[in-house]
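Chemist: Just the structure for this:
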Amino acid sequence: MKLTVELIGEEAVSVQFPRVVELKVTLTAPGIRGGQDNIMKSATLENGMEILVPQFVESGEVVRVGTEVGKYVERVASKKMNVSRAVGSKDPAPAT
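Modeler: I've put the predicted structure just below:
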């Protein structure tokens, strides 16, 4: 991560952090089936920080966390692979 650091001589006097960071959830309990999104559960992030996340967030997912207060902001959308273009698949021969 790149940060802006203000120096006076060789001493750092200020560091500007981004407003949000994306971190992977390494451990969280399964969500309550049929649970509401406003009910939170504990999750441990890749940096060791523990935060509260909604029930639908699962281990292995990436979430955005606000750096000012250290709270969950949103889940990062995952990219799904197009099944018809799976690895090793070949395009059909063109019609002649």
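Chemist: C-alpha from now on. contacts and neighbour counts both.
Modeler: Will do.
Chemist: what helix or strand is G48 on?
Modeler: Element membership of G48 [criterion: DSSP states H and E] is none; it lies in no helix or strand.
Chemist: for the protein, what are the low-confidence residue spans?
Modeler: In the predicted model of the chain, residues 34-37, 78-96 satisfy pLDDT under 70.
Chemist: For it, just list every one of the strands.
Modeler: 4-8, 11-16, 20-28, 40-45, 50-54, 62-66, 71-75 (DSSP state E).
Chemist: May I see those organised as CSV, with mean neighbour count added?
Modeler: Converted to CSV, these look like this (neighbours: other C-alpha atoms under 10 Å):
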stretch, mean neighbour count
strand 4-8, 11
strand 11-16, 10
strand 20-28, 18
strand 40-45, 18
strand 50-54, 18
strand 62-66, 19
strand 71-75, 16
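Chemist: can you give me how far stretch 69-80 is from the chain middle?
Modeler: 5 Å (C-alpha atoms, centre = their mean, to the nearest Å).
Chemist: same thing with stretch 45-60?
Modeler: That offset, for stretch 45-60, works out to 9 Å (C-alpha atoms, centre = their mean).
Chemist: same thing with stretch 16-31?
Modeler: 5 Å.
Chemist: How about stretch 68-79?
Modeler: Worked out by C-alpha atoms, centre = their mean, stretch 68-79 lies 6 Å from the chain centre.
Chemist: V25 and I8: what is the separation?
Modeler: From V25 across to I8, the span is 37 Å (C-alpha to C-alpha, to the nearest Å).
Chemist: Repeat that for E50.
Modeler: Taken as C-alpha to C-alpha, the span from E50 to I8 is 34 Å.
Chemist: Equivalent analysis for T67, please.
Modeler: From T67 across to I8, the span is 25 Å (C-alpha to C-alpha).
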